[in-house]
Every structure is written in structure tokens, then in C-alpha cells.
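> Sequence and computational prediction follow.
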Amino acid sequence: MMEVFKAVTCPVCACLCDDLEVTVDKGKIVDVKNGCAFSKSKLLNYNGKQRVLKPLIRKGNDFAEVSYDEAVKQAAKLLTEANYPLFYGWSMTSCEAIRVGIELAEEIGGVIDTTSTICHGPSTLGIQDVGLVSSTLGQVRHRADLIIYWGSNPLIAHPRHMERYTVFSKGRFQEKRKLVVVDVRETETAKKADLFIRIEPNKDFEVLQALRVLIRDDELDVEKVAGIPVATLEKLAEMMVECKFGALFFGSGLTMTEGKNRNVDAAISLIRDLNRITKFIIMPMRGHFNVTGADMVFTWQTGFPYAVDFSMGYPRYNPGETSAIDILLRQESDAALVVASDPVATLPRKAAEHLVKNPLIVVDPHMSATAKLADIVLPSTFVGIEAKGTAYRMDNVPLPLKKIVEPPTGILSDEDILSKILFEVRRLKENAS
Amino acid sequence: MENVTVCYLDEDSMKKLGIEEGETVRISTKHGSTILKALKFHGEQPNIVFVPYSPWINNIVNPDTNGVGMPSLKGIPAEVEPVKGGHVLKLEELLRGILGSRNDGGF
Ligand code: SF4
């Protein structure tokens, strides 16, 4: 019998659209309404060829199928024997699983870091420096009359962001808005803009500081900043000052280029200055569906949002030292547990090379590039499809992830797998003492 | 994997560099080089090559985190040249390369 699940939260990007209608027939998802192409592609195809259906342990060039008990035992042994293990990933699982992961890292005395470290980590540093003027996406939808996307291409990366929350949405108090895009290339989003400003790569900081001068009505005694005529920047400054409620969304165009956290610092400072004149908010365009939740759980459990080092027996946080890429580049880790992430596909090559030199344990539903190079693979369920949980939207609003279908027989959730490893680690430690 | 083994250049850059649409190109930075298929970007993007993030380019990004934990994954100075009939690595070949860095040369 067909069953339709309403108000399903999409487990793909940090927009966490919670209006999907998913039709299930004989335990299989057969239709997805309201979702974008990413959402449909995941929900209709998640159970494909790359699915891992048995725990695996490496034997030479091949994997041997083993029981969860055996794989958990081996994983716990590798982790307890290590001096400085790295626990990495976390942005595509539930807050509940992340909570157990942190407990495990603390129990073992390793370093735990999230994919924020190669995405919006610099945003967090900028926010810690100067604070953040923000709001929920609902407020933006209902009130904003000026939307700016800076170094971000939502039509491609967050396909429903504009439709649900900004220029293509109809708010209760605001139906029409102006769109400004600032980017180094004329992206699909830029083509829809009322004003597109193309800046030279690595020059965001200069442009943001120039805008801070212009909104104060001061003059710049240059003709161009980062290749942009000052008259164009004056136009943007005027739009910013004259709007009633502005919202600036920034992407990795700010965090991954020269300046990094200083760019974010400058962007937030600009918004802070604007709030002396009008209402303006700023928000990072977070990527994976629960990367914001990872920040949240890390912060309430350890006091720090990512890159937390438990090796001294208490949490320490010093990005640049305790962050995953630095640890891997310095070749310091001697074991790694990767959960809900594919670092071999996403980290700089030198970091990935050290990662695979470590005894490597991967918890993932799929045979990802990282899983292919692992020593132990623990297959898990897809949270938001086969397991329930909680995730945080990019505006820090928590939303429930639903269980819509049963997982393949015997497959456990990330939370259950991590709890089993934690239990085994404690048992090993007790025996040793 | 077709959609991540490509890079995008605008029409002017393609003309200047003598690159045909669909041809393979070598992208080199001071960190390494990679071969990808060039596609035309329909918009303004002068002197920029845009590459989707993937294992095919993780050897050409700048791993240096400047002491803040974040490598530079965008805005990296690069050279692009046409390589007729260049070999775009298969995922398995790439992974074997990464694995080769293990002390035992693999499993
Ligand atoms: S925009 Fe993001 S959260 Fe919304 S449906 Fe698409 S992938 Fe899912």
C-alpha cells in the first residue's frame, strides 16, 4: 500500500527544506514532491550499487565481510591503541550521533573535527572575533527587501534557498526584493541579479572595507577597488543604506580565499556598521545538511565549535593547531575514525595521503572514496531516510529528520555503531586497568 | 564522475589559449597539476578557470592553512594549457596514487 509522508525534512543541504512529500510503496521511496534535483536524486537513488551491506575488514587488497561485533571490536582496539587519533566528519549525520562521537573522542583522548574545518571554519573564527547580527530565515522571507549573495551561488549549491527564503519567495510583509550578487564570476545566480558586481579574486577584504567607508558617506580617493569602479560600489552602498531590512548571505568565496576569517570579519563589521543606519543581518551559507548541528553539539558539549583536542584530558581549541588538516599535514595522527564524510575526496592531497597511512575506520552507508581505502568499514543507515534524528538549519533552527523507510536488514544507525564502539572502548580500558 | 572531471573557461580565455570545447587541458599550480576536460562557461569569467571540487584537483589546491585551519581552495594562481588527447585519470587510478603514499605502498 502506498503511504505519503508529509513535511519531510530534506537530508541534503543546510537549507533543510521541511516541506517534502515523499511517497513510499512496499518499503521503497517512489516519489518526492517539492524537493529540488539534489533532494530527488538522493531520496530516489540512495540505495544504489555503492551501498555497503556488511561490515568489512581489509585483508590485503580485498575486504572480508565480518559481523558488526567483530568490526566494532577491531575498531575499538585500533582507537585505544593510538596515541593521537583523529575523529573526522560529522556534517551528514544526526546531532544524536555527533553527541556519541564527542563522548568517544573524549574517552579516548583524541582530536575531533568537523568538515567546517574546510568550509566555514573561518566564518566561525570571524564570528568569534566580532559577533554576529543574524536572524532566522523566516524573518528574511517575511521582511527583507534587499538580498545580497556574496561568494555564493545558491541556484546551484542551495537550489531552493531563493525560492523558500529570499528573492523568489513571497513574505507576509515583503513580496518584492532587490537582489545583489558579488562574485568573481557571472554565475547562474548573478544572471538573475538587479546588480552584479564582479570582483577580482582574493580582493573581497578590500571591497568590504571600501563599502564600510562608503556607507559612512566618506569618500574614497581611488577610482577602482578590486577592479570595480567606485561609482558601482557607491550604488551598492546606497542600496544597503536605503533598504529597510537587508540580508547578506556569504559562501565559501569569502572563507576559502586570501583573507579567510579576516574577510568574514570585515563582512560582519560592515553589517554591524549598517545596523546603525538600518536593519541588516548576515548569515553563512552552510553546506551539508547538519554541519550547523555539528557546531551546535560540539559547542554545548565541549565549549568549542570544531577542532577540539582532548589529548590533555580536557577540551582545547586552537584552529591552525588542533584542526584536522594541520594535524594531517604535520603527520601527527596515528589512527582515524571518519563518520559521514569523504575526506579522501575533499581534503588537499597531502592531508589525504597522511590520513590513509593511519589505521582508518569509516562509518558510512556508501563505499565512498575514503571507505575504499579504509581498514574497517562499518555500514550505517541514512539518517533522515532510514533513521530519525535532529539537524540544524543554516540559521541555527533545529528540525526533526524522519525515518521514512526501513534500512536494509541488520544495518545500524551511526548513533548505534558509535555507541557500540564507545562501549567496547570502555570495556577494553577497564580490562587494562 | 564525468561532471567533476571538467573545468570551465569563458570564450575569451579559450580563444586566447587556443582551447577547443571538450578538449583536455592541463591545469598547473605551484602545488601540482591535473588534466581535465575544458567546457565553455557562458558568462563573464575573464582569466579564471573554474573547477568543481573533487579528488581530481585536490593536488593542485594550496594546502597551507595560514595558521587558521583552512587551506586555500579558491583564488589560486594557475596556468592552463591545451593537451590534445590528454588522459583524465579514472577514480581508481587516483585512489591508487593516494594509497601509494602508504609505507607498504598499498595494501
Ligand atoms: S535546497 Fe537543499 S534542503 Fe532544500 S530540497 Fe534542495 S537539497 Fe534539499
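Cool, got the structure.

> Is there any residue in stretch A:389-399 that contacts the ligand?
No - using CB under 6 Å from any ligand atom, we find that stretch A:389-399 stays clear of the ligand, coming within 8.7 Å at best. Where C-beta positions appear, they are placed from N, C-alpha and C, glycine not excepted.

> gap between the two ends of that stretch?
Terminal residues of stretch A:389-399 lie 9 Å apart, using CA to CA, to the nearest Å.

> Residues contacting it, please?
Residues outside stretch A:389-399 that contact it (CB atoms under 8 Å, 6 or more residues apart in numbering or on different chains): A:9, A:11, A:14-16, A:18, A:93-97, A:134-137, A:283-286, A:289-290, A:292-293, A:295-296, A:383-384, A:400-401, A:413, A:415.

> and if we set it to 7 Å?
For stretch A:389-399, contacts defined as CB atoms under 7 Å, 6 or more residues apart in numbering or on different chains pick out A:9, A:14-16, A:18, A:94-97, A:136-137, A:283-286, A:289-290, A:292-293, A:296, A:383, A:400-401.

> With stretch B:79-97 instead?
For stretch B:79-97, using CB under 7 Å, 6+ apart, the contacting residues are A:369, A:372-373, B:1, B:5, B:9, B:17-19, B:23-28, B:35-37, B:49, B:55-56.

> Drop anything exposed from those residues.
A:369, A:372-373, B:5, B:9, B:19, B:23-25, B:27, B:35-36, B:49, B:55-56 (16 or more other CB atoms under 10 Å in any protein chain shown).

> from those residues, which is closest to the ligand?
The shortest approach to the ligand among the buried ones among the contacts of stretch B:79-97 belongs to A:Ala369, at 21.4 Å (CB to the nearest ligand atom).

> The closest one is in contact with A:Asp342, isn't it?
Yes - at 5.6 Å, A:Ala369 and A:Asp342 qualify as touching, with contact defined as CB atoms under 7 Å.

> Now do the strands in the stretch 151-300 of chain A.
Applying DSSP state E, counting those that start in this stretch to the stretch 151-300 of chain A gives strands spanning A:178-183, A:195-198, A:224-225, A:228-229, A:245-250, A:279-284.

> Once you drop chain neighbours, what's closest to A:Pro408?
A:Leu53 (5.6 Å; CB to CB, 6 or more residues apart in numbering or on different chains).

> Just the element for that neighbour, please.
Secondary structure assignment for A:Leu53, by DSSP states H and E: no helix or strand.

> so who does it touch?
So A:Leu53 contacts A:Pro379, A:Pro408, A:Ile411 (CB under 7 Å, 6+ apart).

> surely the first one meets A:Pro365?
What it means is A:Pro379. Yes - the criterion here is CB under 7 Å, and A:Pro379 meets it with A:Pro365 at 6.1 Å.

> anything in contact with each of the two?
Joint contacts of A:Pro379 and A:Pro365 (CB under 7 Å, 6+ apart) are A:Val52.

> per-residue pLDDT, the residue nearest to the spatial centre of chain B?
Chain B has B:Ile57 as the residue nearest its centroid, 4.3 Å off, counting by CA atoms, centre = their mean. B:Ile57 carries a pLDDT value of 90.

> Also the one 3 residues further on?
Among the per-residue scores, B:Ile60 shows a pLDDT of 93.

> Ok, the one 5 residues further on next?
Residue-level confidence at B:Thr65 comes out at 88, pLDDT.

> can you pull the contacts of it?
Shown in contact with B:Thr65 (CB under 7 Å, 6+ apart): A:Gly320, A:Ser323, A:Ile325, A:Asp326, B:Pro71.

> Which one of these is nearest to A:Leu211?
Nearest to A:Leu211, judged by CB to CB, of those is B:Pro71 at 27.2 Å.

> Pretty sure that closest one sits against B:Ile60.
No - using CB under 7 Å, B:Pro71 makes no contact with B:Ile60, being 11.6 Å away.

> So these two - more neighbours on which side?
B:Pro71 (25 against 19; other CB atoms under 10 Å in any protein chain shown).

> tell me the helices in chain B, going along the chain?
For chain B, the helices defined by DSSP state H cover B:11-17, B:91-99.

> Tell me which of those helices is the most buried.
helix B:91-99 (a mean of 16; mean count of other CB atoms under 10 Å in any protein chain shown).

> Determine the longest strand present in chain B.
strand B:32-41 (DSSP state E).

> May I see the buried residues of it?
The neighbour-count check on strand B:32-41 (16+ other CB under 10 Å) flags B:Ser33, B:Thr34, B:Ile35, B:Leu36, B:Ala38, B:Leu39, B:Phe41 as buried.

> Equivalent analysis for stretch B:77-89, please.
Applying 16+ other CB under 10 Å to stretch B:77-89 flags B:Ala78, B:Val80, B:Leu89 as buried.

> Please give the centre-to-centre distance between it and its chain.
8 Å (CA atoms, centre = their mean, to the nearest Å).

> quick check: mean pLDDT across it?
93.

> how long is it end to end?
23 Å.

> Over to stretch B:6-18?
Note: stretch B:6-18 ends 17 Å apart using CA to CA.

> How much space separates A:Ala144 from A:Arg330?
Look at A:Ala144 and A:Arg330: by CB to CB, to the nearest Å, they are 44 Å apart.

> swap in B:His87?
33 Å.

> A:Ala7 now?
46 Å.

> now, which of the buried ones among the contacts of stretch B:79-97 sits nearest A:Ala226?
B:Val49 (19.2 Å).

> residues contacting that closest one?
B:Cys7, B:Leu9, B:Ile27, B:Ala78, B:Val80.

> now for these, which pair is the farthest apart?
Going by CB to CB, the pair spanning the contacts of B:Val49 furthest: B:Leu9 and B:Ala78, at 11.2 Å.

> could you check the distance from the closest residue to A:Glu258 other than its chain neighbours over to B:Ile76?
Of all residues not flanking A:Glu258 in the chain, A:Asn202 sits nearest, at 3.9 Å (CB to CB, 6+ apart). A:Asn202 is 9 Å from B:Ile76, where distance means CB to CB.

> Give me the more crowded residue out of these two.
Each of A:Asn202 and B:Ile76 has its neighbours counted (other CB under 10 Å); B:Ile76 has more, 22 against 18.

> list the contacts for the more buried one?
B:Thr29, B:Val61, B:Asn62.

> What count of nearby residues applies to the first one?
Burial of B:Thr29, expressed as a neighbour count using other CB under 10 Å, amounts to 16.
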